[in-house]
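**Q** here you go, sequence then predicted model.
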Amino acid sequence: MRQELLSLPKGLAEEVSKNLVMVARLIDEEPEQAYAYSRIALRLASRVAAVREAAGFAAYATQKYSEALAEFRAAKRMTGSVELWPVMADCERGLGRPERALAMAGEPEVQKLDKAGQVEMRLVAAGARRDQGQLEAAIVTLQSPELASNSVQPWTARLRYAYADALLAAGREDEAREWFGKTLEADKDGATDASDRLAELDGVEFVDASTDLSDLDEDEDEDDDDEDDEDAAEIAAAERASDVAEYYDEDDEEYEPLEQSEADADADADAQGDKA
């Protein structure tokens with residue numbers, strides 16, 4: 001990519017580079033923002049293959065499959081490389097054309113892919129089979145030397161996970177559990193949710209401790225508030241009683257009757273009526 005950008009004027013190259021960096025930084029967490037940066041880079045340097053590729057991945061991340069496919073095709077024409085072949089096939093799946101994805105899986109370009117690319121193509125083909133409701137065919141598609149190998153490669157966890165998921169969809173629960181377990185062994189970075197899938201199969205339910213503690217804290221706060229209200233009421237009553245005791249000494253030269261509230265006055269009037 002650096003070599004491609006060197007073909008641009010220095011100022012333009014720097015501007016394009018900044019936008020491509022933002023695409024790479026945001027594409028996983030903020031794909032829409034990454035897409036916006038990719039469009040800027042595309043307007044500035046549409047004849048640079050790396051820009052077309054970045055724009056394709058940004059569109060792919062936001063499920064704009066038709067746009068992504070067009071950008072990938074453009075990048076492929078510019079470079080002559082077949083490394084984008086699997087993701088191009090997956091765009092066909094995204095557009096609701098699994099038959100085209102399967103046709104691409106049988107093209108000569110697949111033989112030119114490196115091992116990682118071939119595994120990726122196998123994953124796409126299996127997904128296309130599932131799109132067509134061919135679960136058993138999807139399972140067979142994923143069965144390969146890479147799946148059977150005990151060696152852990154960058155693609156191993158994803159391949160095992162796809163196989164386990166296909167087995168489960170086909171109702172082969174025991175085998176699915178076994179392969180979710182194997183996925184977990186290879187997934188050191190937690191890229192899949194294999195542990196959650198295993199827990200679901202075993203009937204384990206996770207409780208959100210933070211939510212429960214929060215609810216507990218709220219209940220305790222409510223109880224504390226009630227106690228505080230009660231304490232405040234008792235203190236106020238004690239203060240009134242103290243005030244009465246302090247001011248109700250008629251022998252005191254500075255005696256000042258405590259001003260009655262309307263409620264107290266009504267109560268006294270009722271009491272006088274009862275006596276009469």
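**A** Happy to help now that I have it.
**Q** report the distance from the helix or strand containing residue 71 to the chain centre.
**A** Assigned by DSSP states H and E, residue 71 falls within helix 65-79. From the chain centre to the centre of helix 65-79 is a distance of 28 Å (C-alpha atoms, centre = their mean, to the nearest Å).
**Q** what's next to that helix, contact-wise?
**A** Helix 65-79 is contacted by residues 47, 49-50, 52-53, 55-57, 59-60, 81-82, 84-85, 87-88, 91-92, 94-95 when judged by C-beta atoms under 8 Å, 6 or more residues apart in numbering. Every residue, glycine included, has its C-beta placed from N, CA and C.
**Q** got any ranges where the stretch 151-276 of the chain has weak pLDDT?
**A** For the stretch 151-276 of the chain, the stretches with pLDDT under 70 are 205-276.
**Q** what's the answer for the stretch 1-150 of the chain, then?
**A** 1-2.
**Q** could you redo the last one with a cut-off of 90?
**A** For the stretch 1-150 of the chain, applying pLDDT under 90 flags the ranges 1-10.
**Q** and the helices in it?
**A** 2-5, 10-26, 31-44, 49-61, 65-79, 85-94, 98-105, 115-131, 135-142, 145-148 (DSSP state H, counting those that start in this stretch).
**Q** run through who's touching the third one.
**A** It stands for helix 31-44. Here helix 31-44 has contacts from 12, 15-16, 19-20, 22-27, 51-52, 54-55, 57-59, 61-62, 64, using C-beta under 8 Å, 6+ apart.
**Q** hmm, 7 Å instead?
**A** For helix 31-44, contacts defined as C-beta atoms under 7 Å, 6 or more residues apart in numbering pick out 12, 15-16, 19-20, 22-23, 26-27, 51, 54-55, 58-59, 61-62.
**Q** report the buried members of these.
**A** Neighbour counting with 16 or more other C-beta atoms under 10 Å marks 15-16, 19-20, 22-23, 26-27, 51, 54-55, 58-59, 61-62 as buried within these.
**Q** give me the buried stretch members for stretch 121-140, please.
**A** By 16+ other C-beta under 10 Å, the buried positions in stretch 121-140 come out as 121-131, 134-135, 137-139.
**Q** for those residues, which one is nearest residue 105?
**A** Among those, residue 125 lies closest to residue 105 (C-beta to C-beta), at 4.0 Å.
**Q** residues contacting the closest residue to the closest one other than its chain neighbours?
**A** The shortest distance from residue 125 to any non-neighbouring residue, by C-beta to C-beta, 6 or more residues apart in numbering, is to residue 105 (4.0 Å). By C-beta under 7 Å, 6+ apart, residue 105 lies in contact with 89, 121, 124-125.
**Q** quick check: the nearest residue to residue 12 once chain neighbours are set aside vs residue 55, distance?
**A** Nearest residue to residue 12 in three dimensions, chain neighbours excluded: residue 44, at 6.3 Å (C-beta to C-beta, 6+ apart). As judged by C-beta to C-beta, to the nearest Å, residue 44 and residue 55 stand 11 Å apart.
**Q** tell me how many other residues surround the residue nearest to residue 12.
**A** Using other C-beta atoms under 10 Å, residue 44 has 15 other residues around it.
**Q** how much space between it and residue 15?
**A** 6 Å.
**Q** and for residue 70?
**A** For residue 70, the distance to residue 15 - C-beta to C-beta - is 23 Å.
**Q** what do you get for residue 178?
**A** Counting by C-beta to C-beta - residue 178 and residue 15 are separated by 52 Å.
**Q** so who does residue 141 touch?
**A** Residue 141 neighbours (C-beta under 7 Å, 6+ apart): 122, 125-126, 129.
**Q** same question, residue 49
**A** Contacts of residue 49 by C-beta under 7 Å, 6+ apart are 4, 75, 78-79.
**Q** for residue 198, state which of those is nearest.
**A** Residue 198 has its nearest neighbour among the contacts of residue 49 in residue 75, at 39.0 Å by C-beta to C-beta.
**Q** what is the neighbour count of that closest one?
**A** 23.
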